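S.K.: The amino acid sequence is not available; the structure is as follows:
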């Protein structure tokens, strides 16, 4: 069984944070993005919401679709044709 990770979505609108959250919890992406946008621009909380979003974007790893290359160590470079 594969471990589930909270990562940025490849199907992103801006940086992939809200899409990644929606994928992690199996929520609808559109509704998650609408609710996230409302929470970010809520009066009086705008700067806190923007800062929180960018911190999440900096901390969340990008989605890594290397399922076929599980034997490659992070940082190792190999030509895919040499398999």
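M.R.: Perfect, I can see it now. All of these numbers come straight from a predicted model, not from anything done at the bench. Numbers count the residues shown, from 1 in each chain.

S.K.: switch to C-alpha atoms for all contacts and neighbour counts from now on
M.R.: Fine.

S.K.: how far away is residue 4 from residue 38?
M.R.: 27 Å (CA to CA, to the nearest Å).

S.K.: Please say which of these two ends up with more neighbours.
M.R.: residue 38 (13 against 9; other CA atoms under 10 Å).

S.K.: residue ranges with poor pLDDT in this structure?
M.R.: Low-confidence segments of the chain (pLDDT under 70): 1-2, 65-83.

S.K.: let's go with 80 and repeat that
M.R.: For the chain, the stretches with pLDDT under 80 are 1-4, 43-45, 64-83.

S.K.: just so I have it, where are all the strands in it?
M.R.: Counting by DSSP state E, the chain has no strands at all.

S.K.: which stretches of it form helices?
M.R.: Along the chain, the segments classed as helices by DSSP state H run 17-25, 29-41, 46-59.

S.K.: right, so of those, which gets closest to residue 11?
M.R.: Ranking those by distance to residue 11, with CA to CA as the measure, places helix 17-25 first at 6.8 Å.

S.K.: can you pull the buried residues of the closest one?
M.R.: Residues of helix 17-25 classed as buried by neighbour count (16 or more other CA atoms under 10 Å): 17, 18, 19, 20, 21, 22, 23.

S.K.: For it, give me every contacting residue.
M.R.: Residues external to helix 17-25 that are found in contact with it (CA atoms under 8 Å, 6 or more residues apart in numbering): 4-9, 11-13, 28-29, 32-33, 36, 53, 56-57, 60.

S.K.: at 10 Å what do you get?
M.R.: By CA atoms under 10 Å, 6 or more residues apart in numbering, the residues outside helix 17-25 that reach it are 4-13, 16, 26-37, 53-63.

S.K.: Stretch 38-49 too?
M.R.: For stretch 38-49, the surrounding residues in contact (CA under 10 Å, 6+ apart) are 32, 33, 34, 36, 37, 50, 51, 52, 53, 55.

S.K.: Swap in 8 Å and give it another go.
M.R.: With CA under 8 Å, 6+ apart as the criterion, stretch 38-49 contacts 50, 53.
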